[in-house]
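Q: dropping a prediction and its sequence here:
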Amino acid sequence: MIEEKVEVYTQFKRPDPIYTEPGNRYLDIYQEQIGKDGTLEVVPVGKKCVYDEIQVDLESTKIENILHAVAMGDLNALHQRECFYVDATTMPKNLMEAQNIVVRAKEEFYNMPTEIRELFNNSPEKYVSEMGTKDFLDKLAPYNNKLAEIKEAGSLKEYNKRVAEQAKFEKDVEAAKGATEWTEKQKVILVEFQE
């Protein structure tokens, strides 16, 4: 059996520190170019100083400068953004709930009839982005009754099943009417024949 020495560290005997690379003050700026052979290449075109970009906002973020501006009467120093109130009780609590809302919206879109999906180029994203606009309502106006029937049926599959059953029923009724009419004709012929 091979024995392995276990190194035990204490406050007096510490492991050698591992240094991480803090990064570079300058970052390369890249740009896409088409090469001589027609391929797309990414080439460096310059450098930018990250530290200088960070320092640009330094003075406006110092608390003493903000307090001084307020003391001088500039109340806008505290109101950087417009306040708004919203009922967030129905908002998703986490990313999973938000994703589930997106999935449900896509399922709702894909359960719509083909002609309605074609109005939005078969794109659930376009469907959702147009919701609530006048254009959206104008596009769906001719289909409102059909959408209500689909909602009542529970799914597009169930709706299509009901439509097929209704069509079959109507066909059977027409066939029965035809049979009844034929029978009436037969009765007339029979009465005429008996006379």
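A: Received, thanks.
Q: tell me the centre residue of the chain?
A: Ranked by distance to the mean C-alpha position of the chain (C-alpha atoms, centre = their mean), the top residue is residue 102 at 4.8 Å.
Q: for that one, phi and psi?
A: phi -60, psi -40 (degrees, to the nearest 10).
Q: any idea how far it is from residue 108?
A: 11 Å (C-beta to C-beta, to the nearest Å). From N, CA and C alone the C-beta is placed, and that goes for glycine too.
Q: again with residue 18
A: Counting by C-beta to C-beta, the gap from residue 18 to residue 108 is 52 Å.
Q: quick one, which of those two is more surrounded?
A: Neighbours were counted for residue 18 and for residue 108 using other C-beta atoms under 10 Å; residue 108 has more, 14 against 5.
Q: for the more buried one, give me the pLDDT.
A: The model reports residue 108 with a pLDDT of 83.
Q: that one: which element?
A: helix 95-110 (DSSP states H and E).
Q: output that helix as CSV, restricted to C-alpha atoms.
A: Taking C-alpha atoms only, helix 95-110 is exported to CSV below (Å, rounded to 0.1, in the frame of the first residue of the first chain):
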residue,chain,number,x,y,z
LEU,A,95,-36.5,32.8,-13.8
MET,A,96,-38.2,29.4,-14.0
GLU,A,97,-41.6,31.0,-13.6
ALA,A,98,-40.8,33.5,-16.4
GLN,A,99,-39.6,30.7,-18.7
ASN,A,100,-42.9,28.8,-18.0
ILE,A,101,-44.9,31.9,-19.1
VAL,A,102,-42.9,32.0,-22.3
VAL,A,103,-43.5,28.3,-22.9
ARG,A,104,-47.2,28.7,-22.3
ALA,A,105,-47.4,31.6,-24.7
LYS,A,106,-45.6,29.5,-27.4
GLU,A,107,-48.0,26.6,-26.8
GLU,A,108,-51.0,28.9,-27.1
PHE,A,109,-49.6,30.3,-30.4
TYR,A,110,-48.9,26.8,-31.8
